[in-house]
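> Got a predicted structure plus its sequence, pasted below:
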Amino acid sequence: MNFKKIIDLVIEASKFIADENLINTIKNKCEIDFVTEADIKINDFLKSEFKKIDNTIGFFTEEECGQLTDPCWIIDPIDGTTNLIYGYKMCSISVGLFFNGEIQFSVVYNPFSKELFSSEKGKGAFLWNKRLHVSSRNINKSLIEIGIVSKTKKYADISFDIAKNIYKDCLDIRRVCSAALDLCYIADSRLDGYFEIQIEPWDIAAGSLILTEAGGKITCFDGDEIQFSQSTSVIASNNIIHGYLQKSINTFML
Ligand code: IPD
C-alpha cells in the first residue's frame, strides 16, 4: 500500500473544511452532537478515493457507523466538529488502517495548524518528518486532557469528579476536544495524559498507533486493550503516569 498517497488524500480532503458553506450546513445528530456537510463530503471523498486504491478494504466511519471488519479503514472525517462549527480552530481528519486485528497505519491532520501526524506500525510516529516521543513527566508536572462525552450529559458528574481529583495532583487540566489530537499531543509531549469515560473507535483508532509508536500507552479504564469494534472507556498517557491515572479514575468507577 502506498501510504504517501493516503496522506496526500487526507490533506486534499481538508479542502472541504475551507468551505464556509459546508461548515454552516449543520444537522443535529442529537441536541448536543452535530454533523456538518463538510463531515459528509470528507467521508464520501475519502471512501471513493480509497476504494480506487484497494476496493477489498472495508470502512468503519463516524458518519455511517457500520461495523468493524478486517481489513478496514476507521475514519473520523472531522474529529472536533463542535470546535469547527464554533470557529475554535482545533479539529482533525483521522484515518486508521485496521488489519490483522491491529491498527497498522494512521494519519491525523489538523487543517488549521497544518500539522500532519502519522505512523506505520513498528516504524515510529512522526509530525511531518519529526520523530515523536512522549514526555517523561510525573503526575505533578503533567498536563491532563479531560474528555467529556459529547453525546450525552449523563457522565457529567463522574467525569468532573474524576477531573477534580486529578487536578489536585497534576500541573493543570486541558480540553482540546478532538480525541485524535489529544493522542497525538501526548505523543508529542504537549500533553501527558487523557481519559474519557466513553469514546467511539473512530475518535481514537488512528491516534492510538501514533501514541504507542511514540512510547505512550492506551488502555480501557480496567487496563484492558482497546477494542476498536465498539464504544470504550479510554486512558492514554506517557506510560509513566498510566498507573496513577488508572488508580485515580477507578476510585470513582466502583
Ligand atoms: C468528539 C471529540 C471529543 C470527545 C468526544 C467526541 P466528534 O468527537 O473526539 O474530543 O471528547 O467524546 O465525540 O464528535 O467531534 O467527532
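It's in.
> rest of the way, CA atoms for contacts and neighbours
OK.
> What parts of the stretch 51-200 of the chain come near the ligand?
Counting by Cα under 6 Å from any ligand atom, the positions of the stretch 51-200 of the chain adjacent to the ligand are 78-82, 147-150, 177-179, 199.
> Just the residues you listed: which are in helices?
Among those, the members falling in helices (DSSP state H) are Thr81, Thr82, Ala179.
> among those, who's most crowded?
Ala179 (29 neighbours; other Cα atoms under 10 Å).
> nearest residue to that residue other than its sequence neighbours?
Using Cα to Cα, 6 or more residues apart in numbering and skipping residues adjacent in sequence, the residue nearest Ala179 is Asp203, 5.7 Å away.
> Asn83 contacts Met90, correct?
Yes - in this structure, Asn83 is within contact of Met90 by Cα atoms under 8 Å, at 6.0 Å.
> joint contacts of these two?
Shared contacts of Asn83 and Met90, defined by Cα atoms under 8 Å, 6 or more residues apart in numbering, comprise Cys177.
> on contacts alone, who are the packing partners of the helix or strand where Leu84 lies?
Leu84 is located in helix 81-85, with elements delineated by DSSP states H and E. Counting contacts by 3 or more Cα pairs under 8 Å, 6 or more residues apart in numbering; DSSP states H and E, helix 81-85 packs against strand 33-36.
> And the average pLDDT for the very next helix or strand once past the strand it packs on is what?
Beyond strand 33-36 on the C-terminal side, the first helix or strand identified by DSSP H and E is helix 37-53. The pLDDT scores in helix 37-53 average 96.
> ditto for stretch 225-235
On average, stretch 225-235 scores 96.
> and what of stretch 122-129?
98.
> Tell me which of Asn83 and Met90 has more neighbours.
Legend: neighbour count by other Cα under 10 Å for Asn83 and Met90, higher for Met90 (19 against 16).
> so what are the domain limits for the chain?
Using automatic domain parsing, the domains assigned to the chain come out as 3-131, 139-253.
> Give me the below-cutoff pLDDT ranges for the stretch 151-254 of the chain.
254 (pLDDT under 70).
> again, 80 this time
151, 254 (pLDDT under 80).
> And the helices in it, which stretches?
156-169, 179-187, 201-213, 242-253 (DSSP state H, counting those that start in this stretch).
> Name all residues that make contact with the nearest residue to Glu196 once chain neighbours are set aside.
Excluding its sequence neighbours, the residue lying closest to Glu196 (Cα to Cα, 6+ apart) is Gly147, at 4.5 Å. Under the criterion of Cα under 8 Å, 6+ apart, the neighbours of Gly147 are Ser159, Arg175, Cys177, Ala179, Tyr194, Phe195, Glu196, Ile197.
> so who does the spatially most central residue of the chain touch?
Geometric centre of the chain, nearest residue: Ala180, 1.9 Å, by Cα atoms, centre = their mean. Contact partners of Ala180, counting by Cα under 8 Å, 6+ apart, are Asp79, Ser92, Ser94, Val108, Asp203, Ile204, Ala205, Ala206, Gly207.
> Which one of those residues is nearest to the ligand?
Asp79 (3.6 Å; Cα to the nearest ligand atom).
> Going through the contacts of Gly147, which ones are buried?
By neighbour count, with 16 or more other Cα atoms under 10 Å, these hold Ser159, Cys177, Ala179, Tyr194, Phe195, Glu196, Ile197 as buried.
> This completes my enquiry, with thanks.
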